[in-house]
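Participant: coords please:
(chains A and B)
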Amino acid sequence: MIENIMTKNWGYQISQTRKINLDEVDLTIAQKILDMEPTFRLCISCGGCTATCTAGSFTDFNIRRVNLMIRRGQLDGLYEQLNHCMLCGKCHLVCPHGVNTRKVILLMKQLLSEYESHRQINKEEKNV
Amino acid sequence: MNQIEGKQKIWAEYQKEIGDDNFFFVRSCIRQSFFPGSEQTFLKIMREYLGKRVIEDYRHTTCTGIGYHSDIVKLPTIETVVARHFSLMAENGCENYVPSCVTSFGIYSEILDTWEHFPDEKERIAQFLKEATGRTLATPKNLAHTSDIIYKFRNEIAAKAKFKLVNKKTGQPLKVVEHIGCHYSKMFAKRSQGGQEFPHVLVGMIEAWGGEVIDYPERRHCCGFGFRQYLVMANRGYSVANSYKKFESMEPYHPDFIVANCPGCAMFMDKWQYTIGSMEGRTFDQEGKGIPVLTYEEMAGLVLGIDPWELGMQMHQIPVETLLDKMGVDYDPDKKFLGFNDEQLPKPPEIVFQRD
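Facilitator: Residues are numbered from 1 along each chain as shown, chains lettered A, B, ... in the order given. This is a model prediction of the structure:
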């Protein structure tokens, strides 16, 4: 007797991996920010910026997380998050390593805006 | 001191002391269910092939490790259960304690370490043991896992070998994936052979018996058992994902078989292949039948020429015939599912890992 076991229902599924292959993701934005604002390199991800952020208290904006996601090349949804920033600059004042976070955010907005525009154009071209 | 002597001195720090004879053997809950032939083979090798004295006591119980790791058995409870086991060992006149299970080995290591660092706790448990059973607490002179024992006598086994871990047709060494249980060397490294960095217990056996060890990227990754990941059905997807990661990582090296020294690892790496096959219709070997997963006693038994069905290899989810053919082991396919007195046991259906 031959049993085809493809029909079994196990009650759970194989969890998908969350690994990030840094050779495959897009790190150009992170590299451009590092080139244009070298203090970005000094960030130790302590989260002082996020702790003091007024916008972060009322929205899901989290500058530490945005930093991390940009460095990992995971860019989806980041531009919308950055729109919550009021550019008040408190994060810059508390940063223990003197990272010019306000400028980093401005650069992120500019570069992600270009990225989103390109993505939108590519999507429309594909649809046509 | 020259360079070689220096290296030998450093390597000596990674060695553990293993008893030579007069062992008190305790069984594993998982292995008695899934690999019952393996423990029997261990006893056969020790007593018949190596002439060692191995004592068992029917009063030995579970160590309660599975309950402990899933938060339903408290620490003082498991300590008292373990204290009773050690007391049984002393009653049988043994000092070398040999658990068959890696989870139990981790439990015994953890409790001995606790007692070493907290003598008050040891006294408290001795009191509990006295009140509960009337027994007196004793501790083993030497604690070694059964794989440590087989490792120690690997050269003696090699001298009696009838088969080598070599492909009979090509003459090439079989490619073997070795998997060490996390609770063997990752928790109390000093109690393992080779420590956390260079666990040598299975490598030593494979190399002594003619095989070639595969060094693949996820070699030291957990199999995914982890108790909490597995015991709740909703979490099993995480458990199987760990094994999946290992299988994907070893696949390009075309392993002939996997050998594990932990009951849970051997069980999951065997059975998850079936699960993955049923979920995704894929296997990780070239023949499309899955990679056979062996215990180290089964590997030793095959090398010594013991009949594979006597070793209990018909209990495997992934059929082992591909490996037996490569090694040139004689076996009778018709006897695969014969029980005691040649009684025919039910035959499981042949499995097809194919989508309709």
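Participant: Closest to the centroid, which residue in chain A?
Facilitator: Here the mean C-alpha position of chain A is nearest to the C-alpha of A:Met69 (Cα atoms, centre = their mean), at a distance of 3.1 Å.
Participant: So that residue: helix, strand or coil?
Facilitator: Following DSSP: H, G, I helix; E, B strand; the rest coil, we place A:Met69 in the helix state.
Participant: for chain A, which spans come out with low pLDDT?
Facilitator: A:1-7 (pLDDT under 70).
Participant: again, 80 this time
Facilitator: Along chain A, segments meeting pLDDT under 80 span A:1-8, A:126-128.
Participant: in it, which spans are helices?
Facilitator: Ranges of helices within chain A are A:28-36, A:48-52, A:54-58, A:63-72, A:78-82, A:90-94, A:101-127, based on DSSP state H.
Participant: returning to what we had before: in contact with the closest residue to the residue nearest to the centre of chain A other than its chain neighbours, which residues?
Facilitator: Closest residue in space to A:Met69, ignoring its immediate chain neighbours: A:Leu78 at 5.9 Å, by Cβ to Cβ, 6 or more residues apart in numbering or on different chains. For glycine as for every other residue, the C-beta is placed from the backbone atoms N, C-alpha and C. Neighbour list for A:Leu78: A:66, A:69-70, A:108, A:112 [criterion: Cβ atoms under 8 Å, 6 or more residues apart in numbering or on different chains].
Participant: Make CSV out of these and add distance to B:Thr133.
Facilitator: Formatted as CSV, the contacts of A:Leu78 follow (distance: Cβ to Cβ, whole Å):
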residue, distance to B:Thr133
A:Val66, 61
A:Met69, 58
A:Ile70, 62
A:Met108, 67
A:Leu112, 69
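Participant: coming back round to it: include distance to B:Thr322 when you put the helices of chain A into JSON lines, please.
Facilitator: Shown next, in JSON lines, are those (distance: least, Cβ to Cβ, whole Å):
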{"stretch": "helix A:28-36", "distance to B:Thr322": "48"}
{"stretch": "helix A:48-52", "distance to B:Thr322": "55"}
{"stretch": "helix A:54-58", "distance to B:Thr322": "58"}
{"stretch": "helix A:63-72", "distance to B:Thr322": "42"}
{"stretch": "helix A:78-82", "distance to B:Thr322": "50"}
{"stretch": "helix A:90-94", "distance to B:Thr322": "61"}
{"stretch": "helix A:101-127", "distance to B:Thr322": "46"}
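Participant: Please name whichever of those is nearest to B:Asp120.
Facilitator: Within these, the stretch nearest B:Asp120 is helix A:48-52; the backing value is 42.2 Å (Cβ to Cβ).
Participant: which other helices and strands contact the closest one?
Facilitator: Packing partners of helix A:48-52 (3 or more Cβ pairs under 8 Å, 6 or more residues apart in numbering or on different chains; DSSP states H and E): helix A:63-72, helix A:90-94.
Participant: which of these sits most buried?
Facilitator: Greatest average neighbour count among the helices and strands packed on helix A:48-52 goes to helix A:63-72 (a mean of 19), per mean count of other Cβ atoms under 10 Å in any protein chain shown.
Participant: Let me see the contact set for residue 16.
Facilitator: Reading this off chain A. So A:Gln16 contacts B:Ala241 (Cβ under 8 Å, 6+ apart).
Participant: if you could check chain B rather than the one you did, that'd help
Facilitator: By Cβ under 8 Å, 6+ apart, B:Lys16 lies in contact with B:144, B:148, B:190-193.
Participant: quick one: it and B:His85, what's the gap?
Facilitator: 20 Å (Cβ to Cβ, to the nearest Å).
Participant: Kindly report the same for B:Tyr184.
Facilitator: From B:Tyr184 to B:His85 the distance is 18 Å (Cβ to Cβ).
Participant: Also B:Glu56?
Facilitator: Computed as Cβ to Cβ, the B:Glu56 to B:His85 distance reads 12 Å.
Participant: Around chain A, which positions in chain B sit nearby?
Facilitator: Within chain B, the positions adjacent to chain A are B:233-238, B:240-241, B:244-245, B:274-281, B:349-356 by Cβ under 8 Å from any Cβ of the partner chain.
Participant: and if we set it to 7 Å?
Facilitator: Within reach of chain A by Cβ under 7 Å from any Cβ of the partner chain, chain B has these residues: B:233-234, B:236-238, B:240-241, B:244-245, B:275-279, B:281, B:349-352, B:354-356.
Participant: Quick check: phi and psi at the spatially closest residue to B:Lys152 that is not a sequence neighbour.
Facilitator: Closest residue to B:Lys152 apart from its sequence neighbours, by Cβ to Cβ, 6+ apart: B:Ile18 at 4.7 Å. Phi and psi for B:Ile18, reported as degrees, to the nearest 10, are phi -130, psi 130.
Participant: how many neighbours does B:Ile18 have?
Facilitator: The local packing of B:Ile18 (other Cβ atoms under 10 Å in any protein chain shown) involves 18 other residues.
Participant: can you pull the contacts of it?
Facilitator: By Cβ atoms under 7 Å, 6 or more residues apart in numbering or on different chains, the residues touching B:Ile18 are B:142, B:144, B:148-149, B:152.
Participant: With respect to A:Asn127, which of those residues is nearest?
Facilitator: Closest to A:Asn127, out of all of these and judged by Cβ to Cβ, is B:Asp148, at 64.4 Å.
Participant: ok, back up a step: any chance of the contacts of B:Lys16 in JSON lines, plus secondary structure and neighbour count?
Facilitator: Listed next are the contacts of B:Lys16 as JSON lines, based on DSSP: H, G, I helix; E, B strand; the rest coil; neighbours: other Cβ atoms under 10 Å in any protein chain shown:
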{"residue": "B:Ala144", "secondary structure": "coil", "neighbour count": "23"}
{"residue": "B:Asp148", "secondary structure": "helix", "neighbour count": "22"}
{"residue": "B:Lys190", "secondary structure": "helix", "neighbour count": "12"}
{"residue": "B:Arg191", "secondary structure": "helix", "neighbour count": "22"}
{"residue": "B:Ser192", "secondary structure": "coil", "neighbour count": "30"}
{"residue": "B:Gln193", "secondary structure": "coil", "neighbour count": "25"}
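Participant: before we move on, back to that, from chain A, how far off is the residue nearest to B:Lys152?
Facilitator: The gap separating B:Ile18 from chain A is 38 Å, by Cβ to the nearest Cβ, to the nearest Å.
Participant: Repeat that for B:His183.
Facilitator: The value you get for B:His183 to chain A, if Cβ to the nearest Cβ is used, is 22 Å.
Participant: Isn't that residue up against B:Ser104?
Facilitator: No. Counting by Cβ atoms under 7 Å, B:Ser104 is not a contact partner of B:His183; they are 8.6 Å apart.
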